[in-house]
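# this one's structure only:
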């Protein structure tokens, strides 16, 4: 039986830099840009990942689970917001995620929306 992390990683598809829809500058030297979660997606566009934590079945947003993996932590306060630097909701690439306050997340969203004309 595979562990939760292996099952999660199996649901990730790296996107070639030339095909990536994110707002980050593309690098000629980087083969891949966003890492897209291919599991279930909510109506709001965010991926969800369900896994077993001991005897409990747990569901959380895929990018939050990815952030926890990258930091080596088991829990993440619901007060912590994980921001997509790339502004691509299905991206779970560790380097495209950052922990910010809710107020900062809203400010960044608004700022990026103005920059890219969303």
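Here it is on my side, so go on. Please read these numbers as outputs of a predicted model, since none were measured by experiment.

# Would you mind listing the outside residues contacting the longest helix along the chain?
If you go by DSSP state H, the chain has its longest helix at helix 102-116. The contact list for helix 102-116 (C-beta atoms under 8 Å, 6 or more residues apart in numbering) reads 23, 79, 81, 83, 87, 100, 118. In this view, the C-beta of every residue, glycine as well, is placed from N, C-alpha and C.

# Selecting buried members of these in ChimeraX, what would you type?
Burial among the contacts of helix 102-116 is assessed by 16 or more other C-beta atoms under 10 Å; the matching ChimeraX selection reads:
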select :81,83,87,100
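
# buried stuff in the helix or strand bottoming out on mean pLDDT in the chain?
Ranked by mean pLDDT, DSSP states H and E, the weakest helix or strand in the chain is helix 102-116, scoring a mean of 83. By 16+ other C-beta under 10 Å, the buried positions in helix 102-116 come out as 105, 108, 112.

# Which of the helices or strands spans residue 82?
strand 81-84 (DSSP states H and E).

# Now do the same for that strand: mean pLDDT, whole number.
For strand 81-84, mean pLDDT is 94.

# what helices or strands is it leaning on?
helix 62-71, strand 97-100, helix 102-116 (3 or more C-beta pairs under 8 Å, 6 or more residues apart in numbering; DSSP states H and E).

# now the ones you listed in CSV, with distance to residue 36?
As requested, the helices and strands packed on strand 81-84 are exported to CSV (distance: least, C-beta to C-beta, whole Å):
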stretch, distance to residue 36
helix 62-71, 10
strand 97-100, 13
helix 102-116, 19
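
# what about the residue nearest to residue 64 when sequence neighbours are not counted, how many residues close to it?
Distances taken as C-beta to C-beta, 6 or more residues apart in numbering place residue 82 nearest to residue 64, at 5.3 Å, with adjacent residues excluded. Residue 82 is flanked by 18 other residues according to other C-beta atoms under 10 Å.

# for residue 38, same thing?
13.

# Over to the one 3 residues further on?
Other residues within reach of residue 41 by the criterion other C-beta under 10 Å amount to 14.
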